[in-house]
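Visitor: prediction below, plus the sequence it came from.
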Amino acid sequence: MLYEGKAKKLYTTETPNVLRMEYKDEATAFNAEKKAVFENKGKLNKAITLLIYEMLEKKGVPTHLVDDLDEVNLLVKSVDILQVEVIVRNVAAGSFCRRMGVEEGLEFKTPIVEFSYKSDELGDPLINDDYARELGLATPAECAFLKEQALVINEVQKEFFAKCGLKLVDFKIEFGRLAEDPSQIVLADEVSPDTCRLWDLKTGEKMDKDRFRQDLGGVMEGYEEVLKRVKDASK
Ligand code: UDP
């Protein structure tokens, strides 16, 4: 094992620069103040991430995906994760509402892209390009690329989730520099209901980790429904 995070573990494999990413059943929220274990979460998030990555690759978005492996494992390219988390918002929710004092559900005319410093210790503080440059997290050119890619990913995912009858409210993504060629930056980590807010297009029902954060119940039922719809839309 190379690394254990809150939701995944990373292992080396026999192939150089290829790692095994294992999706865990553990869930955390509010900077790990709230914790729980959900049976099947790893399996569901792995399956959702795989289908989304395959869909993004088809649309020309490079990811670290190499191959599917088994129920809870993907093979991925080894990357050096940029310590900048990129958040895209189409609709106000979560920390945006807390920070700005607006009601959940406000639709943005144009998406908002936000950077935060990936640091559990500091609670992932909001940063901008200047912070990233001065702290050596990403160069100005890399920040511009992250923002541009995030907006492309948003458009592709928004359209795809709409086909699933889901509204893509917001999401967090991470990028990595390929170990075999650090000049190439690809989408890494996961795309799942742990990292995206998804609302049913018709009823507005929350289908994502907010069910856990807000104690709405039926957390895995929400994830299962997302997987079912993502599978159908991928056919
Ligand atoms: N998010 C995430 N990991 C984080 C912070 C946020 O996956 O460490 C996702 C979250 O699930 C949501 C989006 O990024 O889809 C925006 O989250 P927000 O900033 O509103 O924070 P939260 O309400 O989760 O504290």
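Guide: On my side now, so go ahead.
Visitor: CA only for contacts and neighbour counts going forward, please
Guide: Noted.
Visitor: in the lengthiest helix in the chain, which residues are buried?
Guide: Determined from DSSP state H, the single longest helix within the chain is helix 140-163. The neighbour-count check on helix 140-163 (16 or more other Cα atoms under 10 Å) flags 142-143, 146-147, 149-154, 156-158, 160-161, 163 as buried.
Visitor: kindly report the same for stretch 104-113.
Guide: Applying 16+ other Cα under 10 Å to stretch 104-113 flags 111, 113 as buried.
Visitor: show me which residues of this protein sit near the ligand.
Guide: 30, 87, 93-96, 170-172, 194-197 (Cα under 6 Å from any ligand atom).
Visitor: farthest-apart pair in those residues, please.
Guide: For the residues of the chain next to the ligand, the maximum inter-member distance is 17.2 Å, found between Phe96 and Asp194 (Cα to Cα).
Visitor: each with direction, which strands does the top strand by length along the chain pair with?
Guide: Across the chain, the longest stretch assigned as strand under DSSP state E is strand 166-178. Strand pairing for strand 166-178, using DSSP bridges, gives strand 79-81 (antiparallel), strand 84-91 (antiparallel), strand 181-188 (antiparallel), strand 196-200 (antiparallel).
Visitor: turn those into CSV, columns for mean pLDDT and mean neighbour count.
Guide: Shown next, in CSV, are the strands paired with strand 166-178 (pLDDT from 0 to 100; neighbours: other Cα atoms under 10 Å):
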stretch, mean pLDDT, mean neighbour count
strand 79-81, 98, 19
strand 84-91, 99, 22
strand 181-188, 98, 17
strand 196-200, 99, 22
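Visitor: tell me which of those approaches Gly60 most closely.
Guide: When those are compared by Cα to Cα, strand 181-188 sits nearest Gly60, at 11.2 Å.
Visitor: what packs against the helix or strand where Leu10 lies?
Guide: Using DSSP states H and E, the element containing Leu10 is strand 8-12. Counting contacts by 3 or more Cα pairs under 8 Å, 6 or more residues apart in numbering; DSSP states H and E, strand 8-12 packs against strand 3-4, strand 18-23.
Visitor: report the angle between that strand and strand 18-23.
Guide: 160 degrees (axes from the mean of the first three to the mean of the last three Cα atoms, to 10 degrees).
Visitor: buried stuff in strand 8-12?
Guide: 8-10, 12.
Visitor: ok, and what's touching that strand?
Guide: Applying Cα atoms under 8 Å, 6 or more residues apart in numbering, the contact partners of strand 8-12 are 1-4, 18-24.
Visitor: alpha carbons of that strand, as PDB, please.
Guide: Taking C-alpha atoms only, strand 8-12 is exported to PDB below (Å, rounded to 0.1, in the frame of the first residue of the first chain):
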ATOM      1  CA  LYS A   8      -9.700   5.200  -1.100                       C
ATOM      2  CA  LYS A   9      -6.500   3.200  -0.800                       C
ATOM      3  CA  LEU A  10      -3.700   3.200  -3.400                       C
ATOM      4  CA  TYR A  11      -1.500   0.200  -4.000                       C
ATOM      5  CA  THR A  12       1.500  -0.400  -6.400                       C
END
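Visitor: parallel or antiparallel, which strands does that strand pair with?
Guide: When DSSP bridges is applied, strand 8-12 pairs with strand 3-4 (antiparallel), strand 18-23 (antiparallel).
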